[in-house]
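Novice: Any chance you can model this:
(one chain, ligands or ions: 2)
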Amino acid sequence: MRIETDLLVIGAGSGGLSVAAGAAQMGADVTLVEGGEMGGDCLNYGCVPSKSLLAAAKVAHGQAQASSFGIADVAPTVDYAAAMGHVQEVIGRIAPHDSQERFEGLGVRVIRAWARFVSDREVDAGEARIRARRIVIATGSSPAVPPIPGLDTVPYLTNETLWDLRARPGHLIIVGGGPIGMEMAQAHRRLGSDVTVLEGAQALGREDPEAAAVVLDRLRAEGVAIEEGVSAAEVRGAAGDLEVLAADGRRFPGTHLLIAVGRRANTDALNLDAAGIETTETGVKVDARLRTTNARVFAIGDAAGGMQFTHLAAYHAGIVIRQALFGLPATARTDHIPRVTYTDPELAQVGLTEAEARAAHGPKLEVARFDYSGNDRALAERRTEGFVKVMVVKGRPVGATIVGHQAGEQITLWALMQAGGLKMKAVADMVAPYPTIAEVSKRAAGAYFSPRLFDSALVKRVVRAVQAWLP
Ligand SMILES: Cc1cc2nc3c(=O)[nH]c(=O)nc-3n(C[C@H](O)[C@H](O)[C@H](O)COP(=O)(O)OP(=O)(O)OC[C@H]3O[C@@H](n4cnc5c(N)ncnc54)[C@H](O)[C@@H]3O)c2cc1C
Ligand SMILES: NC(=O)c1ccc[n+]([C@@H]2O[C@H](COP(=O)([O-])OP(=O)(O)OC[C@H]3O[C@@H](n4cnc5c(N)ncnc54)[C@H](O)[C@@H]3O)[C@@H](O)[C@H]2O)c1
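Specialist: Ligands and ions are numbered 1, 2, ... in the order given. Okay, the predicted model is just below:
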């Protein structure tokens, strides 16, 4: 079967679905090829199942920690299979939105097969040979599996297989202390598993160290063993009884092993050479407009080898639609893309961290800060750990870090500030409802302005003069 199309999208995950839906609704002839599950990683093996399991874990934790509110603590009775059932139910409720039926209803031609390039503008998928004016590679990424001796002889879990478990792991060993490792560590600890995290460098090492420490302290207090600077040298054992040997000779026994050491872009099966598309160590090589080394082909989302987030893939989709449908130039920015690790407390970042901002701006950097312990709502909810830290250069934020209750919700304000290049005055002028956690951001803006107001000899002189003059 031969197909001619305006836009061919390879991969029906967060990025590909956004391109296909937008382009079809704007009148383009769109063909979407998906070899696996509609919805990609985020829906089936990533964001949705992980946040759903964390939600179940939060309920269990709440039962165990109620007495500070005057309600008896209850040791939670966890039905792990039922918690995983909840995870699958949530996936099932979102799935229709990403389904083949919905996309066909939007006018998208959906082909369920694995795609591979056969020329610079043609792709084979199942029985179809598809010739396209423009092509978008949105094939996402897969779990990287490190070459640890013995790993191939032991059953191990990844983010793709974890959700099939129905019996709670007795002792889950997690290799990798990034967002996947730390989210799953807390979820499983709260659901009653013993958990050990083995991290080769520093856990949450990409984040502001002070903010990461707040999260790591909490996880340790909840009983997660976090071993940093531990590289796994060997794995031994069998299902239910295995051990990881560290390079320094230490042994870490457990029942289950989760590998969470980062991702590999899904490019191997695409036969990119046939289309003259180059790759880098992290994914498809793209320029700031997300164009590959083939002028007809774009790459977006995880496949493009940069940051790996669902909202980034969706943002990339807009950048590509503008170029592929309207022929207009569009450049992808990164400075306004937030990221959140959904542990409890959450850790959220947009733009530069303090260390990055100091390196980039030196003495021009001012850091405005406010602690959750000064927020009345946080006190009412007994959630006083954490802070907001805003990196400011010439009155405009260049980054914000929030760690604490609902940090992921609170960072959206700073994502807006970064996206619009707005000044701190915008937040200072905002009236935040009392009592909300959102006031932490307003108070951070206040902390930026208060020395200018309260420590200013000029302001004091003006006030005294006006008071002397007023009737
Ligand atoms: C455990 C976990 C938790 C996460 N949590 C979050 C979170 O809370 N927030 C967040 O923003 N991000 C999160 N992420 C990251 C997020 O899932 C990804 O960044 C996002 O899914 C990337 O979207 P994508 O469209 O690039 O790729 P994907 O969603 O992975 O979609 C790619 C699709 O392409 C298909 N495909 C691959 N090769 C081919 C081929 N040759 N032919 C046809 N089809 C192909 C795949 O089957 C897949 O369906 C998480 C990831 C993981 C693993
Ligand atoms: N909340 C979210 O938005 C969210 C949640 C989960 C995942 N994700 C996305 O998925 C991506 C992948 O997450 P991840 O946690 O797998 O990867 P990651 O790259 O963020 O972290 C992996 C960690 O594993 C460590 N590591 C690497 N090799 C190791 C080894 N052999 N032994 C011990 N430790 C080792 C690294 O030092 C690093 O700290 C993230 O970059 C993120 O973009 C996002």
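Novice: in the stretch 1-150 of the chain, what residue is nearest ligand 2?
Specialist: Nearest to ligand 2 in the stretch 1-150 of the chain, going by C-beta to the nearest ligand atom, is P146, at a distance of 4.1 Å. C-beta: built from backbone N, CA, C; applies to glycine.
Novice: Name the helix or strand of this protein that has the lowest mean pLDDT.
Specialist: For the chain, counting by mean pLDDT, DSSP states H and E, helix 457-469 ranks last in confidence among helices and strands (a mean of 89).
Novice: contacting residues around it?
Specialist: By C-beta atoms under 8 Å, 6 or more residues apart in numbering, the surrounding residues in contact with helix 457-469 are L453.
Novice: buried sites along that helix?
Specialist: Buried residues in helix 457-469, defined by neighbour count with 16 or more other C-beta atoms under 10 Å: none.
Novice: Pull up the residues of this protein that are close to ligand 2.
Specialist: Proximity of the chain to ligand 2 (C-beta under 6 Å from any ligand atom) is limited to residues 146, 175-181, 183, 198-201, 205, 231-232, 260-263, 308-309, 339-342.
Novice: Repeat the analysis, applying 5 Å as the threshold.
Specialist: With C-beta under 5 Å from any ligand atom as the criterion, the chain meets ligand 2 at residues 146, 175-180, 199-201, 205, 232, 260-263, 308.
Novice: And the strands in the stretch 101-250 of the chain?
Specialist: Taking DSSP state E, counting those that start in this stretch as the criterion, the stretch 101-250 of the chain carries its strands at 109-111, 115-117, 122-125, 128-137, 141-143, 171-175, 194-199, 225-228, 232-238, 241-246.
Novice: Just list the residues touching the residue positioned nearest the centre of the chain, thanks.
Specialist: Nearest to the mean C-alpha position of the chain, counting by C-alpha atoms, centre = their mean, stands F309 at 4.7 Å. Neighbour list for F309: I337, R339 [criterion: C-beta under 8 Å, 6+ apart].
Novice: does the closest residue to the residue of the stretch 1-150 of the chain closest to ligand 2 other than its chain neighbours count as helix, strand or coil?
Specialist: Nearest residue to P146, sequence neighbours excluded (C-beta to C-beta, 6 or more residues apart in numbering): V261, at 5.5 Å. Here V261 takes the coil state, with states given by DSSP: H, G, I helix; E, B strand; the rest coil.
Novice: Quickly list what the closest residue to A225 other than its chain neighbours is bridged to.
Specialist: Of all residues not flanking A225 in the chain, T196 sits nearest, at 4.4 Å (C-beta to C-beta, 6+ apart). Residues in a beta bridge with T196, per DSSP bridges, are I173, A225.
Novice: Measure how buried T196 is and give me the count.
Specialist: Residues within reach of T196, counting by other C-beta atoms under 10 Å, total 19.
Novice: Now do it against ligand 1, distance only.
Specialist: 19 Å (C-beta to the nearest ligand atom, to the nearest Å).
Novice: Buried among the residues of the chain next to ligand 2? Need that as a selection in PyMOL.
Specialist: Only the buried members of the residues of the chain next to ligand 2 enter the following PyMOL selection, criterion being 16+ other C-beta under 10 Å:
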select buried, resi 175+176+177+178+179+180+199+200+232+260+261+263+308
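Novice: Please give me every residue in contact with A95.
Specialist: M38, G39, L43.
Novice: that older thread, nearest to L219, out of the strands of the stretch 101-250 of the chain?
Specialist: Closest approach to L219 among the strands of the stretch 101-250 of the chain (C-beta to C-beta): strand 225-228, 6.4 Å.
Novice: before we move on, the earlier item: got the strands of the stretch 101-250 of the chain as JSON lines, with distance to H316 and mean pLDDT columns?
Specialist: Below are the strands of the stretch 101-250 of the chain laid out as JSON lines (distance: least, C-beta to C-beta, whole Å; pLDDT from 0 to 100):
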{"stretch": "strand 109-111", "distance to H316": "20", "mean pLDDT": "98"}
{"stretch": "strand 115-117", "distance to H316": "18", "mean pLDDT": "98"}
{"stretch": "strand 122-125", "distance to H316": "19", "mean pLDDT": "98"}
{"stretch": "strand 128-137", "distance to H316": "9", "mean pLDDT": "98"}
{"stretch": "strand 141-143", "distance to H316": "14", "mean pLDDT": "98"}
{"stretch": "strand 171-175", "distance to H316": "29", "mean pLDDT": "98"}
{"stretch": "strand 194-199", "distance to H316": "29", "mean pLDDT": "98"}
{"stretch": "strand 225-228", "distance to H316": "33", "mean pLDDT": "98"}
{"stretch": "strand 232-238", "distance to H316": "34", "mean pLDDT": "95"}
{"stretch": "strand 241-246", "distance to H316": "36", "mean pLDDT": "96"}
